[in-house]
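> Fold the stuff below for me.
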Amino acid sequence: MRQPSSVIAIFFVRALAFLVPALALWYWARDYVVMPVAWLAGWLMRYFFPGWVSGSELDGINLTLLTRLTVPHVSGQIAELTPEVSVLTYCYGLPLLVALLLAARAKGLWWKLPTCAVGLLPFQAWGVCFAWLLQVAVQSGPQTRAVTYFNAWDVNLIGLGNQIGFLLLPTLVPMLMWLYLERSFVITVAVEGAMEGTVSRH
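Numbering: from 1, shown residues only. Have a look, this model is predicted:
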């Protein structure tokens, strides 16, 4: 007789089995995966901080923010501040979502995958933008504050936003998307697991 948690365990085994090739494909296509995130993050920074952001440059998976902020260089000269972020760090939610959908044998993948990929973009861009802001407001705060006008309250909010973008959003948002799209599957698995537990106790 199967254990009470076997239905859920089988699902997670399938999810892990799909996650390995999904991660491999995601990493192989990494230069293309980061492009829309890089564009959106750069656009957001130019929109919200036009006074000191001049653009962004993507080199592989690394995205550099071009600013008009100046900081002292180790050579003794003055250099423009150009914070750099690895965009791929904030994009691993996509293969996670793919693995969950495949493990649930989801129907309509032809529209669910592209819709979810687009839906993830704002949250991925959040992580990139706050990683930039952390470098500007915290790591280089004393040298840039006269132009950015970030105060102590702003710095705390930026630190919180960076933690959310790095630790929470990349995994939470794909999980919530999957739970919403496959809610009937989730209910079915929960009911089957409960029924197995009831049967095993009798």
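
> Residue 150 touches residue 158, doesn't it?
Yes. Assessed by C-beta atoms under 8 Å, residue 150 is found in contact with residue 158 at 7.3 Å. Heads up, the C-betas are built off the backbone N, CA and C, glycines and all.

> residues shared between the contacts of these two?
Both residue 150 and residue 158 are in contact with residue 137, where contact means C-beta atoms under 8 Å, 6 or more residues apart in numbering.

> Compare the two and say which is more crowded by neighbours.
Between residue 150 and residue 158, counted using other C-beta atoms under 10 Å, residue 158 has the larger neighbour count: 22 against 17.

> What helices and strands are in contact with whichever strand or helix holds the more buried one?
Secondary structure assignment for residue 158, by DSSP states H and E: helix 152-163. Helix 152-163 sits against helix 109-134, with contacts defined as 3 or more C-beta pairs under 8 Å, 6 or more residues apart in numbering; DSSP states H and E.

> okay, the angle between the helix it packs on and helix 152-163?
Orientation note: helix 109-134 sits at an angle of 140 degrees relative to helix 152-163 (axes from the mean of the first three to the mean of the last three C-alpha atoms, to 10 degrees).

> Same question for helix 109-134: list its buried residues.
Buried positions in helix 109-134, judged by neighbour count with 16 or more other C-beta atoms under 10 Å: 112-113, 116-117, 120-121, 123-134.

> Average pLDDT for it, rounded please.
Averaged across helix 109-134, pLDDT comes to 97.

> try stretch 58-66
On average, stretch 58-66 scores 98.

> for stretch 30-50, same thing?
On average, stretch 30-50 scores 98.

> Thanks again, I'm all set now.
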